[in-house]
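K.L.:
I'd like to go over a predicted model; first the sequence, then the structure.
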Amino acid sequence: MTSPRPAGVPWLTPYLTVRDAHMAIAFYEAALGFRVRDSVHDDGALMHVEMTYRDQLIVMFAPEGAFGSKARTPKSANAIAPQSFYLYVDDVDAVFARAVAAGAKSLSEPQDQFWGDRFAQIEDPDGYRWALARHLS
């Protein structure tokens, strides 16, 4: 029997809308250490991107208007994203600094939290919110 999903793809993967796919790739690579796994072009335009983190598919995205979509980024819609992403990293302080240097907005500086994680929050250039965490114990 054929699997209902492609090999190596999780059962649930966030699919984001970005303003500029090339800029999003550059940000996620520089700030968070993601790598492009696959991309789809149509007539030379970048239409779909899959990015991994530590060999796991973590996010897919397409630019506004791709495939006829009317979806907009939180930044383009002048809205606060109703969801956020919780990403475990080796060094919260270093990833936070890289993300801010790459264009992220600081939402909360790195600090140890009562639930046992070192934690910081950023907003990426498209308006998506990312929690950066490392478990301490």
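P.N.:
Received, thanks.
K.L.:
May I ask you to name the longest helix in this protein?
P.N.:
The residue-count maximum for a helix in the chain (DSSP state H) belongs to helix 92-101.
K.L.:
who's in contact with that helix?
P.N.:
Helix 92-101 has contacts (Cβ atoms under 8 Å, 6 or more residues apart in numbering) with 30-33, 89, 106, 109-110, 118-120, 122, 124, 130, 132-134. Every C-beta, even on glycine, is put in place using the N, C-alpha and C of the backbone.
K.L.:
And stretch 3-14, by the same measure?
P.N.:
Outside stretch 3-14, the residues touching it (Cβ under 8 Å, 6+ apart) are 56, 57, 58, 59, 60, 83, 85.
K.L.:
what's the first one in contact with, if anything?
P.N.:
For residue 56, the residues meeting the contact criterion (Cβ under 8 Å, 6+ apart) are residue 10.
K.L.:
beta partners of it?
P.N.:
Beta-bridge partners for residue 56, by DSSP bridges, are residue 53.
K.L.:
quick one: it from residue 50, how far?
P.N.:
11 Å (Cβ to Cβ, to the nearest Å).
K.L.:
model confidence over the longest helix of the chain, on average?
P.N.:
Helix 92-101 carries an average pLDDT of 98.
K.L.:
Quick check: buried residues in it?
P.N.:
Within helix 92-101, the residues that count as buried by 16 or more other Cβ atoms under 10 Å are 92, 95, 96, 97, 98, 99.
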